[in-house]
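Undergrad: sequence and predicted model, in that order:
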Amino acid sequence: MTRKERFDYILNYFRQKQGPVTTELDFGSAFQLIVATLLSAQCTDKRINMITPELFRHYPTAEAMAKANWEDIFELIKSVSYPNAKAHHLSEMSKILVERFNGKVPDNTEELTQLPGVGRKTANVVQSVWFGKPTLAVDTHVYRVSHRLSLVPEAANTPLKVELELLKHIPEADVSNAHHWLLLHGRYVCKSQKPQCDDCPFNTICPTGINLLKGKTTSKQPKLKAKKE
């Protein structure tokens, strides 16, 4: 099977079985989305959705959060991963949004990645989910699934390389959905430690799944170092 045929098969399945999808994070504005996405690094969406209602009740806007001490933010997010660093990032990010952007979240990668704690992944999520742009965020799930399904070569050993490889083959109209399709597949089926290959709709074309179902070890794939983003 060629790579193009592999992409066609997988994308056609997702289009037919899942259709349009979006983030599982809860939010009510661009500001709340960027806050929730920043908090979700190395943490589950379920956990983030548990703490953001109270966080947003206190600080619903950049203007409100910019006036808070980072220690107060910390108290509301201390159950997430890296709460100290994230509290500092949220405090600094809010102040910059107010000072430089009139309290509004910018809609482009260059300006978004100038914000503390916001890397390319978070910037792509915000652009895709809120602004409707064809950007594709590569988190650990997308990275893992892309390699296991052989959608990208082993040489694509960074999130950016995976992103660029995927964008070569995914039609622009599918890009935003494709991020969530691959992410959710990795979160619920193609799990890191115990992939559910028996229940995977791609187990007849997935090199990793075929090997696992035959009782072999999982195929090699470039390791992705954890990033606080």
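TA: Nice, I can see it. Numbers count the residues shown, from 1 in each chain.

Undergrad: distance of the most centrally placed residue in the chain from Asn12?
TA: Central residue of the chain (Cα atoms, centre = their mean): Asp139, 4.6 Å from the mean position. Distance of Asp139 to Asn12, computed by Cβ to Cβ, to the nearest Å: 24 Å. (C-beta placed from N, C-alpha, C; glycine too.)

Undergrad: ok, now Ile170?
TA: 12 Å.

Undergrad: more neighbours, the two?
TA: Ile170 (22 against 10; other Cβ atoms under 10 Å).

Undergrad: which stretches of the protein aren't confidently modelled?
TA: 216-229 (pLDDT under 70).

Undergrad: longest helix of it?
TA: The residue-count maximum for a helix in the chain (DSSP state H) belongs to helix 83-101.

Undergrad: how far away from the center of its chain is that one?
TA: 20 Å (Cα atoms, centre = their mean, to the nearest Å).

Undergrad: buried ones in that helix?
TA: 83, 86-91, 93-98 (16 or more other Cβ atoms under 10 Å).

Undergrad: now stretch 51-70
TA: For stretch 51-70, using 16+ other Cβ under 10 Å, the buried residues are 51-52, 55-56, 59, 62, 65-66, 68, 70.

Undergrad: TSV for these, including secondary structure and distance to Ile34?
TA: Shown next, in TSV, are the buried residues of stretch 51-70 (DSSP: H, G, I helix; E, B strand; the rest coil; distance: Cβ to Cβ, whole Å):
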residue	secondary structure	distance to Ile34
Ile51	helix	16
Thr52	helix	12
Leu55	helix	13
Phe56	helix	12
Tyr59	coil	13
Ala62	helix	9
Met65	helix	11
Ala66	helix	14
Ala68	coil	16
Trp70	helix	17
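
Undergrad: now for the residues you listed: which two are most distant?
TA: Put simply, by Cβ to Cβ the two of the buried residues of stretch 51-70 set farthest apart are Ile51 and Ala66, 19.5 Å from each other.

Undergrad: neighbours of Glu110, how many?
TA: Neighbours of Glu110 (other Cβ under 10 Å): 8.

Undergrad: dihedrals phi and psi, it?
TA: phi -60, psi -50 (degrees, to the nearest 10).
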